[in-house]
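[1] Model the following, please.
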Amino acid sequence: ENQQLSEQASQDIQQMQKQNAKKNQKQLSQNMKQMKQMMQQMKDSMQQENQMQTFTDMMKILDNIISLSKQQEELKRESENLEPNSSMLDEQAKKENNLSNNLMQQMSDLSQKTFAISPEMGKSLGDAKKQMDWSVQSMKSRNGMLASNQQGEAMKSLNEAAMMMKGSMESMMRGGNGQGGMMSLMQQ
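    Numbering: from 1, shown residues only. Below you'll find the predicted structure:
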């Protein structure tokens with residue numbers, strides 16, 4: 001319709017029919033305003049959808065980090081009173097190694113799903129991974145007490161990362177439906 005109106009307005013101008021040309025140009029202008037509004041609504045809808053998907057991904061990430069922290073706490077409790085000659089140390093080392101691998105998988109998934117992982121959060125998750133790996137080495141060296149301390153540090157780092165993710169989500173929610181929340185999250 002816009003193409004036809006534009007051509008008609010051009011012909012009207014050439015034929016000195018100013019009234020018709022003006023009418024067609026006015027209609028063309030209204031059509032363009034409507035298109036602009038429709039495009040803005042589509043853009044807002046897409047942004048809202050993207051924001052909801054990001055928020056959903058962040059909730060899953062938070063849930064996974066908390067789950068890892070609980071598993072780490074359980075493992076710490078089991079490890080702290082083990083004697084150096086306990087056969088359980090080998091089993092605990094396997095469990096800790098599985099947790100460490102799970103954390104690596106989580107970190108890989110996170111980086112692909114969302115930009116909501118701040119450098120500080122990445123550092124906390126990296127520290128947790130490092131402490132988990134040290135804990136495995138301590139258990140292999142038959143030092144359950146040191147392993148338990150390292151597991152406690154890993155748990156602390158996981159909890160820090162969870163708190164940062166929670167803070168990012170709250171920041172996103174405070175930004176409301178518009179770009180404010182997402183923009184502030186990107187800036188953070």
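
[2] Figure out how far the longest helix along the chain is from the centre of its chain.
    When the chain is parsed with DSSP state H, its longest helix is helix 18-79. Between the centre of helix 18-79 and the centre of its host chain there is 13 Å, according to C-alpha atoms, centre = their mean, to the nearest Å.

[3] what's the angle from the helix or strand just after that helix to helix 18-79?
    Once the chain leaves helix 18-79, the next helix or strand it forms, by DSSP states H and E, is helix 88-113. Counting by axes from the mean of the first three to the mean of the last three C-alpha atoms, to 10 degrees, helix 88-113 lies at 170 degrees to helix 18-79.

[4] as a whole number, average confidence for helix 88-113?
    Average pLDDT, helix 88-113: 82.

[5] now for it, which elements pack on it?
    Packing partners of helix 88-113 (3 or more C-beta pairs under 8 Å, 6 or more residues apart in numbering; DSSP states H and E): helix 18-79, helix 119-140, helix 144-174. C-beta here means a position set from N, CA and C on the backbone, and glycine is covered the same way.

[6] can you rerun that using 6 Å?
    Helices and strands touching helix 88-113, by 3 or more C-beta pairs under 6 Å, 6 or more residues apart in numbering; DSSP states H and E, are helix 18-79, helix 119-140.

[7] Least confident of the ones you listed, on average?
    Averaged per stretch, pLDDT over the helices and strands packed on helix 88-113 is lowest on helix 18-79, reaching a mean of 81.

[8] Would you mind giving the orientation angle of it with respect to helix 119-140?
    20 degrees.

[9] separation between Asn97 and Lys156?
    Using C-beta to C-beta, to the nearest Å, Asn97 is found at 20 Å from Lys156.

[10] swap in Asn143?
    Using C-beta to C-beta, we find Asn143 at a distance of 19 Å from Lys156.

[11] Going by neighbour count, which residues in stretch 149-166 are buried?
    Buried residues in stretch 149-166, counted by 16 or more other C-beta atoms under 10 Å: 149-162, 164-165.

[12] sorry, back to before: give me the angle between the longest helix of the chain and helix 144-174.
    Using the same axes, to 10 degrees: helix 18-79 against helix 144-174 is 160 degrees.

[13] of the buried residues of stretch 149-166, closest to Asp44?
    Relative to Asp44, the closest of those is Met165; by C-beta to C-beta it sits at 26.0 Å.

[14] How about the closest one, nearest residue that isn't a chain neighbour?
    Distances taken as C-beta to C-beta, 6 or more residues apart in numbering place Leu62 nearest to Met165, at 4.6 Å, with adjacent residues excluded.

[15] where's that neighbour relative to Gln19, distance?
    According to C-beta to C-beta, Leu62 stands 64 Å off from Gln19.

[16] And for Asn143, the neighbour number?
    The tally of other residues near Asn143 (other C-beta atoms under 10 Å) stands at 18.
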